[in-house]
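Chemist: What would the 3D arrangement of this be:
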Amino acid sequence: KSVEEAIKENEAKYNKTEEDSTEDKKKDEDEDSDKTEEIVEPLLNAALYRHLQSTLGYNKSDALSEVNLTAIEAHHEAIIKILRENITKAKDEAGDMEVL
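Modeler: So this is what the prediction gives:
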């Protein structure tokens, strides 16, 4: 899987609406009633990749390029922003519940 594909999948995961999440949970519960599967997701951590490349001296052709690492960093910042917005929204909604 390419870095671009992994980033797109990860963005889709965090940009889901509440309705999408509810539907996915129902599907997951139905599918996973008897079985346990290992979840495998790409690790999108530019700092870790840079550290490992420098520490191990890994400069082969299959190493992530600086362009890919920069794209991963930008994606990470976007996901952090989405999560912070979700936290703020949840806090606001929780405050509304306390008033009732």
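Chemist: and residue 81, how many neighbours?
Modeler: 11 (other CB atoms under 10 Å). Where C-beta positions appear, they are placed from N, C-alpha and C, glycine not excepted.
Chemist: ok, now how distant is it from residue 42?
Modeler: Distance, residue 81 to residue 42, using CB to CB, to the nearest Å: 20 Å.
Chemist: Over to residue 62?
Modeler: Residue 62 is 14 Å from residue 42, by CB to CB.
Chemist: avg pLDDT for the helix or strand hosting residue 71?
Modeler: Assigning secondary structure by DSSP states H and E places residue 71 in helix 66-99. Taken as a whole, helix 66-99 carries a mean pLDDT of 86.
Chemist: mind checking how far it is from the chain centre?
Modeler: 11 Å (CA atoms, centre = their mean, to the nearest Å).
Chemist: That helix - contacts with which helices or strands?
Modeler: helix 3-14, helix 46-56 (3 or more CB pairs under 8 Å, 6 or more residues apart in numbering; DSSP states H and E).
Chemist: got CSV for those helices, with distance to residue 90, mean pLDDT and mean neighbour count too?
Modeler: Supplementary listing: the helices and strands packed on helix 66-99 in CSV, determined by distance: least, CB to CB, whole Å; pLDDT from 0 to 100; neighbours: other CB atoms under 10 Å:
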stretch, distance to residue 90, mean pLDDT, mean neighbour count
helix 3-14, 14, 84, 14
helix 46-56, 27, 90, 13
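Chemist: Of those, which is nearest residue 37?
Modeler: When the helices and strands packed on helix 66-99 are compared by CB to CB, helix 3-14 sits nearest residue 37, at 16.6 Å.
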